[in-house]
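Visitor: Return a 3D structure for these sequence lines:
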Amino acid sequence: MPPLITREEALRLGELSDRTEIEALIERAWQARVEHFDDATDMCSLVNAKSGGCAEDCGFCAQSRFAEAETPLHAMMTPEQILEHAHAAEAAGAHRFCMVTQGQGLSNRDFDNVLEGARLVAEHTNLKRCASIGHMSPKRARALKEAGIQRVHHNVETAKSHYPEVSSTVRYEGRLRTIDAVKDAGLETCVGGILNLGETREQRVEMAFELSEINPTSVPINLLNPRPGTKFGDRDYMDPWEAVKWIAIFRLILPEALFRLCGGRVENIGELQQLAVKAGINGVMLGNFLTTLGNTPEEDRAMFEQAGLNVARQADNGANPRPDNRSGWLEGETPDVVSAHLAESPVSPLQVTLWDPSKQLRFGKKTSVPPRPDGAGNAWPAAV
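Guide: Purely as a prediction, here's the structure:
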C-alpha cells in the first residue's frame, strides 16, 4: 500500500511543535493503525544469543570492539539455552521470539547453533520465530527458513544519506543485499532503524520513504539510548513529544507495516509510551533489550490493554504470518503449550525470568580499544 502522506506533508508534519496539533496527528495515525490491524497486537521478545566483541564500528553500539563502553560479553549460546529463554518469553506473553547475535556474520558452528535453536523453539513452543544474525547469503536465508525461522530482522539504521556517520565498516548496500536475500528465500522482513543518531528531520523522512520502498513486514523503531564510551555516548535523549510525533509520521508513511517500539523507549519516551501506542504501534520488544533493561512484561501488556488492544495470542497476530512449519499444523493452528501446562499443573505456576543483561551476563572491561576506523573518538556524558 502506498504512503498515506506525501514527502512534502511529512516534512510539514515534522515541523509541528504545538501539542494539540501533535495530538491530532497521533489520532490520525491511530485510525490508520486500527483500520489495518483492528485490536491485534504483535509482541516480541529476544535473546542476546552472542554478545560483545563485535568487529564493526556502529557509533551507537556498546558491543563494538572500538567502543570503550562496558558491555555484556559471552560466546554463542547453545540451542538448549536459546530454548530456555524462549520458554520464558512465551510464559511472559510474547507472540514471537527473536534470536539475536552480534556482528555482521556467523561462523558455521554458530550458525548451526541458531538453526538448531530455531528447530527446538518450533518444536517446543507456540512462538513465531525470528532471527537477527547480520549479513547472510541466499543459501543461509533458505537454511533459516527450512529450520523454522519465519522472519529475519536486519535494520538499515538510518537514512542512506546519513549512514556514513553511523558506520564505516558495514555498508548500507550490504544491508540491502541481505534484505533481498531474505525476501528471495520467502521469509518475512523486519527492517527499521534508530531515531536521534544526529539525522535531520529531512533525513528522517528520507529513511521512512526508503523503508516504504523496501516494504518490510515489520518495522522496529528504536531511539538512541546513548551508551557512555561509544561514538554517540554524549548525545541527549530525544524529546518525548518529538519521538511520538515521528512514530505517527512513520505510521502514515508505512500504513501496512507492523510497528514495534524497541530500544531506548523507556529512556526517551518514558511516561508517554502509552501515547506512543496510540501513535500507531502494534507491539513492543517485550521485556529487556540486547544490553539494557526495559519495562516489565506486566507493564507492557497493561499499556496496550489500556488502549483497548488485545494482547492475547491470536491466529495471525495481526499480520497473517505463514503457517507454522510443524507437521500437522500446516494451517497455522499451533498448540497452546503454556495453557496446556497451566491446566495440567494449576498449583505450580510458571516462574518467568526474562532476559536480564544486568544479572545474567558479566560485563567485560575493555582494557585495549583500537582506534575507530572512521577516525572519530568515543564520547562520554558531560559531567553533571
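Visitor: chain center to stretch 146-161, what's the gap?
Guide: Distance, stretch centre to chain centre, for stretch 146-161: 9 Å (C-alpha atoms, centre = their mean, to the nearest Å).
Visitor: Pretty sure residue 252 sits in a helix.
Guide: Yes: looking at residue 252 with DSSP: H, G, I helix; E, B strand; the rest coil, it is inside a helix.
Visitor: That one and residue 127: what is the separation?
Guide: Per C-beta to C-beta, to the nearest Å, residue 252 is found 30 Å from residue 127. To be clear about C-beta, it is placed using only N, CA and C from the backbone, and glycine gets the same treatment.
Visitor: Likewise for residue 153?
Guide: Residue 153 is 15 Å from residue 127, by C-beta to C-beta.
Visitor: Ok, residue 374 next?
Guide: On the measure of C-beta to C-beta, residue 374 and residue 127 end up 38 Å apart.
Visitor: more neighbours, these two?
Guide: Neighbour count, other C-beta atoms under 10 Å: between residue 374 and residue 127, residue 127 has more, with 25 against 15.
Visitor: what's the closest non-adjacent residue to the more buried one?
Guide: Closest residue to residue 127 apart from its sequence neighbours, by C-beta to C-beta, 6 or more residues apart in numbering: residue 97 at 4.3 Å.
Visitor: in the stretch 101-250 of the chain, which spans are strands?
Guide: Using DSSP state E, counting those that start in this stretch, the strands of the stretch 101-250 of the chain run over 128-132, 151-153, 188-190, 193-195, 218-223.
Visitor: So which elements touch the longest one?
Guide: Helices and strands touching strand 218-223, by 3 or more C-beta pairs under 8 Å, 6 or more residues apart in numbering; DSSP states H and E, are strand 151-153, strand 188-190, strand 193-195, helix 240-253, strand 258-261, helix 265-268.
Visitor: same check, this time on the first one
Guide: In this structure, strand 128-132 makes packing contacts with strand 96-101, helix 108-124, strand 151-153, judged by 3+ C-beta pairs under 8 Å, 6+ apart.
Visitor: what about these, which gets the closest to residue 6?
Guide: Residue 6 sits nearest to strand 151-153 of all the helices and strands packed on strand 128-132, at 28.7 Å, using C-beta to C-beta.
Visitor: Indicate which one of the strands of the stretch 101-250 of the chain is closest to residue 265.
Guide: Nearest of those (C-beta to C-beta): strand 218-223, 6.3 Å.
Visitor: Where does the prediction get shaky in the chain?
Guide: For the chain, the stretches with pLDDT under 70 are 287-295, 314-366, 383-384.
Visitor: neighbouring contacts of stretch 304-317?
Guide: Outside stretch 304-317, the residues that touch it by C-beta atoms under 8 Å, 6 or more residues apart in numbering are 39-43, 93, 95-96, 126, 128, 274, 277-278, 283, 301, 332-333, 336.
Visitor: Give me the nearest residue to residue 141, chain neighbours excluded.
Guide: Nearest one to residue 141, counting by C-beta to C-beta, 6+ apart, is residue 185 at 3.7 Å.
Visitor: Same check on residue 87?
Guide: Here the residue nearest residue 87, using C-beta to C-beta, 6+ apart, is residue 125, at 6.5 Å.
Visitor: rewinding a little: for residue 70, find the nearest of the helices and strands packed on strand 218-223.
Guide: When the helices and strands packed on strand 218-223 are compared by C-beta to C-beta, helix 265-268 sits nearest residue 70, at 17.5 Å.
Visitor: Mind giving me the packing neighbours of that closest one?
Guide: Looks like helix 265-268 contacts strand 218-223, helix 273-278 (3+ C-beta pairs under 8 Å, 6+ apart).
Visitor: deepest of those, which one?
Guide: Most buried of the helices and strands packed on helix 265-268 by mean neighbour count (mean count of other C-beta atoms under 10 Å) is strand 218-223; its value is a mean of 24.
Visitor: now what about it, what contacts it?
Guide: Contacts for strand 218-223 (C-beta under 8 Å, 6+ apart): 42, 151, 153, 155, 188-196, 211, 237-238, 243, 247, 250, 254, 257-265, 267-269, 281, 285, 319.
Visitor: Would you show me how to pick out the buried ones of the residues you listed in ChimeraX?
Guide: Command for ChimeraX that selects the buried part of the contacts of strand 218-223, burial taken from 16 or more other C-beta atoms under 10 Å:
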select :42,151,153,155,188,189,190,191,192,193,194,195,196,211,237,238,243,247,250,254,257,258,259,260,261,262,263,264,265,268,269,281,285,319
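Visitor: Okay, and the beta partners of the residue positioned nearest the centre of the chain?
Guide: Central residue of the chain (C-alpha atoms, centre = their mean): residue 220, 4.6 Å from the mean position. Beta-bridge pairing for residue 220 (DSSP bridges): residue 260.
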